[in-house]
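Undergrad: got a predicted structure plus its sequence, pasted below:
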Amino acid sequence: MANLKSIRDRIQSVKNTKKITEAMRLVAAARVRRAQEQVLSTRPFADRLAQVLYGLQTRLRFEDVDLPLLKKREVRSVGLLVISGDRGLCGGYNTNVIRRAENRAKELKAEGLDYKFVLVGRKSIQYFQRRNQPIDATYTGLEQIPTAAEATNIADQLLSLFLSDTVDRIELIYTRFVSLVSSRPVVQTLLPLDTQGLETPDDEIFRLTTRGGEFSVEREKITTPVRALPRDMIFEQDPVQILDSLLPLYLSNQLLRALQESAASELAARMTAMSNASDNAADLISNLTLTYNKARQAAITQEILEVVGGAEALT
């Protein structure tokens, strides 16, 4: 009987855990939807900004544009901006991006280049602090759905590092959202900016949908028509000054998109991890219930045998 009670207690404990993991899965799914809505709401501004920048760089194509954010110099030191999460329970999301950042740092060291980290997320901060890595700035407690203010705050720190010649190049390491079950850590050069890459190619956005009661992601290709500025357009300011003012805004917008992709990847990873945990809990409950029924039947059979044995002894 004591064994049966312990099995019952464990079944109840696993059921309680399953309720928690299922609730966390639904919360992550709701936040993925919010991340999707944010991508859609910020896209018109990003598209218009890319249009203006493309028009300006087309107008200035044959001129010698000397802007600090476009100036390429000999690389002696590299700043690595790493975007991770503040919390765990999201599968290999944090581990994958931290490993990619660590490998990139080893590659730079092998090339004889110095590096320093700008870290976003408590997990990456704890990891690199324990290993006494050079860290310039840290950011924690960001919203689950990133905001433009947060992106601008981080971008200002990156601009300070680059314009003060503390670093000669800044690379972004983040997790690109692919699907609910797949994400990919990537490395992207943020600074110096390349004017030839300002024209936005065909882009993709993700849409979280449900099919047959299951969550799925559809990626939709967005084609943004690129139009040059009219040849007879008159600028009140020097186009170079306008471009110089818009480039920091473009950098902040690129960083916001990376934060959005990372947040969606983290939420999708947590959603998948909690779904797997719920499935494992259901399997464990089934196995424990079967074990409980077998033990209970064995106990009943033993009691019947004892009764029969006692009755036979009396006759």
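TA: Nice, thanks for sending it over.
Undergrad: how about the helices in the stretch 101-250 of the chain?
TA: For the stretch 101-250 of the chain, the helices defined by DSSP state H, counting those that start in this stretch cover 122-130, 148-163, 239-314.
Undergrad: of all those helices, which one is nearest residue 72?
TA: helix 148-163 (11.5 Å; CB to CB). (Glycine included, C-beta is placed from N, CA and C.)
Undergrad: the closest one vs helix 239-314, what angle?
TA: Angle of helix 148-163 versus helix 239-314, following axes from the mean of the first three to the mean of the last three CA atoms, to 10 degrees, is 120 degrees.
Undergrad: which residues in the stretch 101-250 of the chain form strands?
TA: In the stretch 101-250 of the chain, the strands defined using DSSP state E, counting those that start in this stretch lie at 114-120, 135-139, 169-179, 182-191, 203-211, 214-222.
Undergrad: so how far is residue 265 from residue 179?
TA: Distance of residue 179 to residue 265, computed by CB to CB, to the nearest Å: 10 Å.
Undergrad: what does residue 7 give?
TA: 39 Å.
Undergrad: these two: which has the busier surroundings?
TA: More crowded of residue 7 and residue 265, by other CB atoms under 10 Å: residue 265, with 29 against 18.
Undergrad: and the residue nearest the centre of the chain, what is it in contact with?
TA: When the chain is reduced to its mean C-alpha position, the nearest residue by CA atoms, centre = their mean turns out to be residue 262, at 2.1 Å. Residue 262 makes contact with 83-85, 97, 174-175, 177, according to CB atoms under 8 Å, 6 or more residues apart in numbering.
Undergrad: could you rerun that using 6 Å?
TA: Neighbour list for residue 262: 83, 174-175 [criterion: CB atoms under 6 Å, 6 or more residues apart in numbering].
Undergrad: now pLDDT, neighbour count and distance to residue 255 too, for the residues you listed, in TSV please.
TA: Converted to TSV, those look like this (pLDDT from 0 to 100; neighbours: other CB atoms under 10 Å; distance: CB to CB, whole Å):
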residue	pLDDT	neighbour count	distance to residue 255
83	93	28	9
174	92	28	9
175	89	26	14
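Undergrad: can I get the residues you listed in JSON lines with distance to residue 16?
TA: Output for those, formatted as JSON lines (distance: CB to CB, whole Å):
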{"residue": "83", "distance to residue 16": "34"}
{"residue": "174", "distance to residue 16": "36"}
{"residue": "175", "distance to residue 16": "31"}
